[in-house]
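[1] Curious how this folds, go ahead:
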Amino acid sequence: MIWSLFAIVVLLVAAAAWVGVRAVLAAGHLRDAQQAASRLTSSISDPAAAAGVVGRLMKETGAARDLTGDPVWAAAMGVPWVGEQLAAVRTATVAVDDVVTEAIAPLATPNGLSVAALQPVDGRFDLDAIAAMHDPAVSAAAATAAAAESVDSIRTSALLSPLADEVVRLQELVGTARTTTDALSRVTELMPAMLGAEGPRNYLVLFQNLAEWRSLGGIVGATALVHAEGGGMELADQRAANDMARWPESVIPMGPELDAIYDQKPGRYMQNVTQVPSFPLGAQLAQEMWARETGTRVDGVVAFDPVALSYLLRATGPIELATGDLLTSENAVQLLLNEVYLRYPRPADQDAFFQSATAQIFAALTSGRADTAELIGALAQAGAERRILMWNAVPEEQAVLDGTSLQGHLPTTDAERTTFGVYLNEGASSKINYYTKIDTGVSWCTDTEGSPDAALSLRIRSELPGDASLPPYIVGSGSYGVPPSITRTVTYLYLPAGSELASASSEGPGSPGFATGSDGEYTVLTWTTDLAPGEEATAAVRVRTPQTPVLAAEVTPVIPGSAGEIPAACTPAS
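    Model prediction:
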């Protein structure tokens, strides 16, 4: 008996040593793979070098996968507690190898990484090369999606702290890869048609100014018409939104429900098409306004903001403007949303600055100077933050964007997710929201009968300097009965679809209570606040709705640093 026990102990020690050694070796291969991956990012514009790095990546991740996949390792995964640590390592290693072999490698060609086709040459894209890239891009998106689901399934709470930290980092990394490859698969499907492979196309671009909030981001300050044909693009027209016609009634009927909430303003003024939080509707309103104004019916509408532009500037590098300013990823937001108003008191001079900057930015993006990898990442980040929105008049092309935030649909509530919509609008025709902060929080709360309610809390705060040193164009000039330096915010709260309002209350300066309306299956609460410098207002809302794994608030995209989180109050504000 004693010899049998001794033999078992020897086997266990040997197995542990075997697993430990292989774990150390696997970790070494993954570290080498990580270093190779960093070189891949820097060499993506050098096809020969990039292809060599892909081969090195496959070698290292494949070796790590082999080391964690032998029978002894598999048997050790059945040991309580220890097995869960080993299983996590195995899952993570397989996921990394799958991303490399099934996502990165298919994008490699004998001539190098084909994503270089996304870079124009002499102002023109190679549409055939982009189309040929679509199938491997779809495969890459599927592989990274599967890898993301795999690593997301790892129960990090059961892992040793160092291992848990590494798994969390991997989850974030693979999640980013999933977003990027999904965007790449959609881009390679859409770009040939949108860039005129089958005939000329025209697109209306709306520039949202986040210093004056609107539901989808900011007021439309400037517009541009982009003409695409045969892979080439040109800036065909530019117009300031405030120079365009004001229509006596909505250019497209919005229906009595929306008329009651928005008073037809999104359909009468180009500046306000982003006031309605459904971008497909706002885009069609803009399409019709542009057609009436110019006689050209565009094939699609794109909206983006200066924050998205700052991301793109990481790819293009600094751009020297005609004014002598150097526009960079670090200063774009401040320059375009605040400094220009300090420098140019006259709106006409502001518009001239924006139009000149737009032309130079467009030239930089279409010249081929942008780093492809940075550009893809910038577009993915801006899309995920709802800072780029797209609508195509061709239904089949619009369907390619299904399931993405690029479409700008109203918030989703289903079996997995419950979502509030918090849509902010400046109410006094100023650029005061450069100095305004918004905080939100959500939580499940138990009601008096023991059922869960979904709760939303939000806080709006004016951080405008109180020394009256800012020009009227920023702080307001008394429009709409609002004194200068008072921040009026009209907030549309879209309750989760199908929910029942349980309670709503608010504190702070402004109109007391809420106006109630409807937008289809959504109950909409309108909350108006008037804040002097340093003041804040809060609101708390609870609704009855089935509990889901995810509870979220979709908030108007604002300037980075202007949005934060607060605990959701399960007891409404007094």
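
[2] and the protein, what are its domains?
    2-194, 201-399, 410-565 (automatic domain parsing).

[3] Out of these, name the one with the poorest average pLDDT.
    Comparing mean pLDDT across the domains of the chain, the weakest is domain 2-194, with a mean of 72.

[4] which residues in the stretch 351-500 of the chain form helices?
    Along the stretch 351-500 of the chain, the stretches classed as helices by DSSP state H, counting those that start in this stretch are 372-384, 395-399, 472-475.

[5] need these in TSV with mean neighbour count and distance to Glu416, can you?
    C-betas here are computed from N, CA, C, even on glycine. Shown next, in TSV, are the helices of the stretch 351-500 of the chain (neighbours: other CB atoms under 10 Å; distance: least, CB to CB, whole Å):
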stretch	mean neighbour count	distance to Glu416
helix 372-384	20	18
helix 395-399	12	21
helix 472-475	19	42
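
[6] Glu293 sits in which helix or strand?
    Assigned by DSSP states H and E, Glu293 falls within helix 279-294.

[7] That helix packs against which elements?
    In terms of contacts (3 or more CB pairs under 8 Å, 6 or more residues apart in numbering; DSSP states H and E), helix 279-294 is packed against strand 201-214, strand 217-229, strand 300-304, strand 388-392.

[8] of the ones you listed, which approaches Arg169 most closely?
    strand 388-392 (26.8 Å; CB to CB).

[9] coming back round to it: so for Thr412, which of the helices of the stretch 351-500 of the chain sits nearest?
    Nearest to Thr412, of the helices of the stretch 351-500 of the chain and by CB to CB, is helix 372-384 at 14.9 Å.

[10] Now do that closest one and strand 388-392, the angle between them.
    Counting by axes from the mean of the first three to the mean of the last three CA atoms, to 10 degrees, helix 372-384 lies at 80 degrees to strand 388-392.

[11] Could I have the CA atoms of helix 372-384 written out in PDB?
    Provided in PDB are the C-alpha atoms of helix 372-384 (Å, rounded to 0.1, in the frame of the first residue of the first chain):
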ATOM      1  CA  THR A 372      -4.000  52.800 -42.200                       C
ATOM      2  CA  ALA A 373      -3.900  51.000 -38.900                       C
ATOM      3  CA  GLU A 374      -4.500  54.200 -37.000                       C
ATOM      4  CA  LEU A 375      -7.300  55.200 -39.300                       C
ATOM      5  CA  ILE A 376      -9.200  51.900 -38.900                       C
ATOM      6  CA  GLY A 377      -8.800  52.200 -35.100                       C
ATOM      7  CA  ALA A 378      -9.900  55.800 -35.100                       C
ATOM      8  CA  LEU A 379     -13.000  55.000 -37.100                       C
ATOM      9  CA  ALA A 380     -13.900  52.000 -34.900                       C
ATOM     10  CA  GLN A 381     -13.500  54.100 -31.800                       C
ATOM     11  CA  ALA A 382     -15.600  57.000 -33.100                       C
ATOM     12  CA  GLY A 383     -18.300  54.600 -34.300                       C
ATOM     13  CA  ALA A 384     -18.400  52.800 -31.000                       C
END
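
[12] need the contact list for Thr446.
    Applying CB atoms under 8 Å, 6 or more residues apart in numbering to Thr446 gives the contacts 452-453, 570.

[13] Let me know the pLDDT of Asp402.
    93.

[14] For it, give me phi and psi.
    Per-residue torsions, Asp402: phi -60, psi 140 (degrees, to the nearest 10).

[15] need the helices of the stretch 351-500 of the chain in a markdown table with distance to Ser499, can you?
    Converted to a markdown table, the helices of the stretch 351-500 of the chain look like this (distance: least, CB to CB, whole Å):
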| stretch | distance to Ser499 |
| --- | --- |
| helix 372-384 | 26 |
| helix 395-399 | 28 |
| helix 472-475 | 38 |
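
[16] looking at those, which is closest to Val273?
    helix 395-399 (17.2 Å).

[17] Would you agree Leu216 is in contact with Pro277?
    Yes - look at Leu216 against Pro277 with CB atoms under 8 Å: they come within range, at 6.2 Å.

[18] what do the two both touch?
    Residues touching both Leu216 and Pro277 by CB under 8 Å, 6+ apart: 408, 423.

[19] Tell me the gap between stretch 444-459 and the middle of its chain.
    28 Å (CA atoms, centre = their mean, to the nearest Å).

[20] CA atoms only for that stretch, dumped as CSV, please.
    Extracted C-alpha coordinates of stretch 444-459, given in CSV (Å, rounded to 0.1, in the frame of the first residue of the first chain):
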residue,chain,number,x,y,z
TRP,A,444,-31.9,47.9,-10.5
CYS,A,445,-34.0,48.7,-7.4
THR,A,446,-36.5,46.6,-5.5
ASP,A,447,-39.9,48.1,-5.2
THR,A,448,-42.4,47.7,-2.3
GLU,A,449,-43.7,44.4,-3.7
GLY,A,450,-40.2,42.9,-4.1
SER,A,451,-40.0,43.3,-7.9
PRO,A,452,-37.1,45.1,-9.6
ASP,A,453,-37.4,48.5,-11.1
ALA,A,454,-34.9,50.2,-13.4
ALA,A,455,-33.7,53.5,-12.0
LEU,A,456,-31.9,56.3,-13.8
SER,A,457,-30.2,59.3,-12.1
LEU,A,458,-28.7,62.3,-13.8
ARG,A,459,-27.0,65.5,-12.9
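
[21] Buried residues, it. List them.
    Neighbour-count burial for stretch 444-459, counted by 16 or more other CB atoms under 10 Å, picks out 445, 452-459.

[22] follow-up on the earlier one: which one, of the helices of the stretch 351-500 of the chain, ends up nearest to Ser503?
    Comparison of the helices of the stretch 351-500 of the chain against Ser503 by CB to CB identifies helix 372-384 as nearest, at 32.6 Å.

[23] Remind me what that closest one packs against, helices and strands.
    helix 161-194, helix 306-316.

[24] rewinding a little: the buried residues of stretch 444-459: which two are farthest apart?
    Pro452 and Arg459 (23.3 Å).

[25] residues contacting Trp247?
    With CB under 8 Å, 6+ apart, Trp247 has these contacts: 267-269, 289, 292.

[26] The same query, at a cut-off of 7 Å, please.
    Arg268 (CB atoms under 7 Å, 6 or more residues apart in numbering).

[27] returning to what we had before: which one of the helices of the stretch 351-500 of the chain lies nearest to Phe420?
    The closest of the helices of the stretch 351-500 of the chain to Phe420 is helix 372-384. By CB to CB, the value is 18.8 Å.

[28] angle of the closest one against helix 306-316?
    With the same axes, to 10 degrees defining the directions, helix 372-384 sits at 170 degrees from helix 306-316.

[29] Strand 300-304 and the helix holding Glu293, what's the angle between them?
    Going by the same axes, to 10 degrees, helix 279-294 makes 110 degrees with strand 300-304.

[30] For helix 279-294, output the C-alpha coordinates as CSV.
    Extracted as CSV, the C-alpha positions of helix 279-294 are listed here (Å, rounded to 0.1, in the frame of the first residue of the first chain):
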residue,chain,number,x,y,z
PHE,A,279,-30.5,59.5,-37.0
PRO,A,280,-32.4,57.8,-39.9
LEU,A,281,-35.2,60.3,-39.4
GLY,A,282,-32.7,63.3,-38.9
ALA,A,283,-30.8,62.2,-42.0
GLN,A,284,-33.9,62.0,-44.2
LEU,A,285,-34.9,65.5,-43.0
ALA,A,286,-31.4,66.8,-43.9
GLN,A,287,-31.6,65.0,-47.3
GLU,A,288,-34.9,66.8,-48.1
MET,A,289,-33.7,70.2,-46.9
TRP,A,290,-30.5,69.9,-49.1
ALA,A,291,-32.6,68.8,-52.1
ARG,A,292,-34.9,71.9,-51.7
GLU,A,293,-31.9,74.2,-51.1
THR,A,294,-29.6,73.0,-53.9
